[in-house]
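Trainee: How does the following fold in three dimensions:
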Amino acid sequence: MKRSDRELIARVRQRDAAAFDLLFRRYQKAIRRHLAGIVRDRSSAEDLLQEVFLRVWTRAGQWRGQGTARAWLFRIATNLALNHLRASRRRREQPLEPAAAASEEEEDAIPNWMADTASLTPHEILEKVERTERLGQLMDGLHEDRREVLRLVYEEEMTIQEAAETLRVPEGTVKSRLHYARKRLAQKWKEEGR
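Mentor: Model (predicted):
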């Protein structure tokens with residue numbers, strides 16, 4: 001019998017390590033992908049992933065059962081990632097090593113709706129990869145709030161309500177940010193003649 005998230009968190013409050021492990025296994029990939037999409041650094045995403053679940057273990061009592069546990073986990077992850085970015089900007093750190101080649105896990109992080117290559121020719125696959133990379137570059141040019149809403153709705157496949165819970169903003173704000181993000185992406189895409 002599959003245990004609900006609500007039940008798992010209740011058991012984590014009681015320091016049930018098995019429940020915590022199950023919750024971790026259930027959400028680690030999605031949270032890692034979410035964090036990596038925000039901080040754009042695999043090592044930092046791994047560190048933040050550990051911090052997210054450390055907070056779940058030590059602060060499970062803070063979740064009052066309002067909204068979904070998934071949205072609560074993503075809210076913790078989002079807040080930690082944004083704090084990390086703010087701290088990084090203040091320190092103005094520069095990487096000492098060039099970025100490593102994409103790992104197999106990062107390649108798997110491409111959402112299914114962007115990567116259906118089963119029936120494509122090699123030329124079509126190359127074109128699709130180029131379009132996907134360009135879309136990523138255009139998304140990077142969006143304001144952080146709008147980019148985050150796009151990521152939650154399309155990459156994490158959250159509903160408007162879940163995204164609003166995660167970001168702690170009204171649903172109307174999520175809808176507005178999503179609308180303007182789509183509009184801006186479409187405008188930039190058209191300007192480039194794609």
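
Trainee: Mean pLDDT per helix and strand in the protein: which one sits at the bottom?
Mentor: helix 104-108 (a mean of 46; mean pLDDT, DSSP states H and E).

Trainee: Can you report how many residues neighbour Ala81?
Mentor: 24 (other Cβ atoms under 10 Å). Glycine gets a C-beta too; all of them are placed from N, C-alpha and C.

Trainee: what about the residue nearest to the spatial centre of the chain, distance to Arg131?
Mentor: Taking Cα atoms, centre = their mean as the criterion, His34 is the residue nearest the geometric centre of the chain, at 2.0 Å. His34 is 23 Å from Arg131, where distance means Cβ to Cβ, to the nearest Å.

Trainee: Ok, Gln28 next?
Mentor: As for Gln28, its distance to Arg131 is 30 Å (criterion: Cβ to Cβ).

Trainee: same thing with Lys29?
Mentor: On the measure of Cβ to Cβ, Lys29 and Arg131 end up 25 Å apart.

Trainee: swap in Gln66?
Mentor: 40 Å.

Trainee: Can you show me the strands along the protein?
Mentor: Read by DSSP state E, the chain holds no strands at all.

Trainee: Okay, now the unreliable bits of it?
Mentor: Where the chain drops to pLDDT under 70, the residues are 89-129, 193-194.

Trainee: got the domain boundaries for it?
Mentor: Per automatic domain parsing, the structural domains of the chain span 1-93, 110-194.

Trainee: on that earlier part again, who has more neighbours, Gln66 and Arg131?
Mentor: Set Gln66 next to Arg131 and count neighbours by other Cβ under 10 Å: Arg131 wins out with 13 against 8.

Trainee: Next one: that one from Phe74, what distance?
Mentor: 27 Å.

Trainee: picking that back up, isn't the residue nearest to the centre of the chain right up against Arg151?
Mentor: Yes: between His34 and Arg151 a contact is recorded at 7.1 Å, counting by Cβ atoms under 8 Å.

Trainee: quick one: Arg134 and Glu162, what's the gap?
Mentor: Separation of Arg134 from Glu162 (Cβ to Cβ): 28 Å.
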